[in-house]
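S.K.: sequence unknown, structure follows:
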């Protein structure tokens, strides 16, 4: 049985390490030594439903559009 999950993707080619996303999503994102966001679970981060609104806010407020939310289907 497959299920759909919400996933946050960081486009590091666009990101300049301002850190707003890490302030909006501290449960999912941390900052590295240079200020860039790092997922607490890898590059593509699973977003629990309870954090979906905060994740959408981070995407919407990113000044360089370096974040993307997508629905993925997992087997």
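M.R.: In hand now; what should we look at? What you are looking at is a predicted structure, and each value in this text was computed from that prediction instead of being measured.
S.K.: hmm, residue 75 is touching residue 2, no?
M.R.: Yes. Counting by CB atoms under 8 Å, residue 75 touches residue 2, with 5.2 Å between them. C-beta coordinates here come from the backbone N, C-alpha and C atoms, glycine included.
S.K.: low-confidence stretches in this protein?
M.R.: 1, 43 (pLDDT under 70).
S.K.: hey, where'd the strands end up in the chain?
M.R.: For the chain, the strands defined by DSSP state E occupy 3-10, 29-31, 37-39, 44-47, 67-74.
S.K.: as TSV, those with mean neighbour count and distance to residue 56 would be great.
M.R.: Shown next, in TSV, are the strands of the chain (neighbours: other CB atoms under 10 Å; distance: least, CB to CB, whole Å):
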stretch	mean neighbour count	distance to residue 56
strand 3-10	16	9
strand 29-31	17	14
strand 37-39	20	16
strand 44-47	19	9
strand 67-74	13	6
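S.K.: mind putting these in a markdown table, distance to residue 17 included?
M.R.: Listed next are those as a markdown table, based on distance: least, CB to CB, whole Å:
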| stretch | distance to residue 17 |
| --- | --- |
| strand 3-10 | 11 |
| strand 29-31 | 8 |
| strand 37-39 | 8 |
| strand 44-47 | 17 |
| strand 67-74 | 13 |
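S.K.: so the residue nearest in space to the middle of the chain bridges to which residues?
M.R.: In the chain, the C-alpha nearest the mean C-alpha coordinate belongs to residue 8, at 3.8 Å (CA atoms, centre = their mean). Under DSSP bridges, the beta-bridge partners of residue 8 are residue 45, residue 69.
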